[in-house]
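S.K.: build me a model from this:
(one chain, ligands or ions: 2)
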Amino acid sequence: MNCIPLMINGLPGNVARIMAESACQDERFTLVPFSLTGEEITLGQVSVDQTKITLLKPSERENKIHEILESYPGCICVDYTHPTAVNDNAKFYVTHKIPFVMGTTGGDRQELERTVKNGSMPAVIAPNMAKQIVGLQAMLEYGANAFPGLFKGFTLQVKESHQQGKADTSGTAKALVACFNQLGTDFNLSDIEKIRDPKTQKENLGVPEEYIGGHGWHTYTLKAPDGSALFELTHNINGRQIYVAGTFDAVVFLKNQIDTNAFEQKLFTMIDVLTSGK
Ligand SMILES: NC(=O)C1=CN([C@@H]2O[C@H](COP(=O)(O)OP(=O)(O)OC[C@H]3O[C@@H](n4cnc5c(N)ncnc54)[C@H](OP(=O)(O)O)[C@@H]3O)[C@@H](O)[C@H]2O)C=CC1
Ligand SMILES: O=C(O)C1=N[C@H](C(=O)O)C[C@H](O)C1
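M.R.: Ligands and ions are numbered 1, 2, ... in the order given. As a prediction, the model looks like this:
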């Protein structure tokens with residue numbers, strides 16, 4: 001397979017950096033030496049491995065993108081930016097006919113889906129790229145479709161803990177709540193408990209010190225109305241490395257879509273990627 005040119009957007013952010021470093025070590029990809037960044041970023045360049053990556057602010061990117069696409073034909077974008085950037089970035093990719101993986105959470109998700117469906121290139125959008133969590137999500141979706149109302153009358157409590165700088169409520173938690181509600185709970189997204197205080201994370205939850213700055217710990221608790229039954233689902237992720245393999249599978253999945261079909265379907269999730277087995 002020829003190397004896929006990969007443009008990782010969101011540098012110098014935390015997840016984008018791990019993706020870019022991992023892409024440099026992965027012979028399936030060529031890292032494109034440009035990255036979309038935020039308007040406030042003062043850095044002009046960052047170094048990843050031996051590669052110098054030029055950062056492009058929203059006000060600069062239109063002038064540069066044609067040259068980038070000419071130099072890196074077949075380029076695929078990976079977006080780990082900011083919830084406030086999701087919709088504009090998606091429109092940018094669609095306008096320039098760039099297939100993309102949207103790992104960034106937040107924004108207007110319905111508008112995001114419409115943007116992709118009205119475009120001409122495929123995209124994978126998922127609030128969680130960790131394959132094991134995607135699998136768990138698929139199992140819950142299966143359960144919700146097969147046994148709707150199974151937990152009717154049960155109460156649901158949702159707690160998610162992330163690094164203090166996380167801008168939004170966990171997109172993963174929101175996606176799982178949708179399954180639990182189909183299973184019969186009546187839970188409002190605004191009742192998700194966001195834990196962002198490092199002291200609480202360390203002392204009450206037991207998040208290891210070295211991961212206070214980068215973790216995603218989630219617990220969903222279902223209780224029977226009379227208190228006689230309790231079910232709990234927990235997934236605790238330390239660090240961010242786990243998101244790399246799924247993201248890169250999504251890129252290869254998109255490349256296969258482009259090579260093999262006429263894009264009847266443009267919008268894909270990580271469950272599609274996992275199901276494809278590629
Ligand atoms: N799907 C998944 O599996 C996962 C998703 N995520 C999601 O990825 C996103 C990024 O997380 P994380 O790296 O921790 O966040 P960070 O805040 O560390 O990084 C985000 C970066 O994006 C930059 N940015 C802001 N606006 C734009 C813009 N318009 N275009 C491009 N870049 C921009 C920020 O710049 P500035 O600092 O100036 O704002 C910052 O450098 C979050 O939404 C998070 O929830 C995280 C992990 C896994
Ligand atoms: O910001 C993060 O860190 C994460 N964001 C995603 C989310 O909002 O669910 C995925 C994971 O929890 C890490």
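S.K.: which bits of the stretch 1-150 of the chain sit near ligand 2?
M.R.: Applying Cβ under 6 Å from any ligand atom, we find that the stretch 1-150 of the chain lies next to ligand 2 at Thr105, Pro127, Asn128. Placement of C-beta: from N, CA and C, glycine included.
S.K.: quick one, what contacts Asn87?
M.R.: Gly107, Asp108, Glu111, Leu112, Thr115 (Cβ atoms under 8 Å, 6 or more residues apart in numbering).
S.K.: show me where the protein has its helices.
M.R.: Here the chain has its helices, by DSSP state H, at 14-24, 58-71, 86-95, 109-117, 131-146, 171-182, 198-200, 242-260, 270-276.
S.K.: a markdown table for these, including distance to Tyr211?
M.R.: Below are the helices of the chain laid out as a markdown table (distance: least, Cβ to Cβ, whole Å):
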| stretch | distance to Tyr211 |
| --- | --- |
| helix 14-24 | 12 |
| helix 58-71 | 31 |
| helix 86-95 | 25 |
| helix 109-117 | 27 |
| helix 131-146 | 16 |
| helix 171-182 | 17 |
| helix 198-200 | 11 |
| helix 242-260 | 12 |
| helix 270-276 | 23 |
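S.K.: mind putting these in CSV, distance to ligand 1 and mean pLDDT included?
M.R.: Formatted as CSV, the helices of the chain follow (distance: least, Cβ to the nearest ligand atom, whole Å; pLDDT from 0 to 100):
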stretch, distance to ligand 1, mean pLDDT
helix 14-24, 3, 98
helix 58-71, 5, 97
helix 86-95, 6, 98
helix 109-117, 12, 98
helix 131-146, 8, 98
helix 171-182, 6, 98
helix 198-200, 15, 98
helix 242-260, 4, 96
helix 270-276, 8, 96
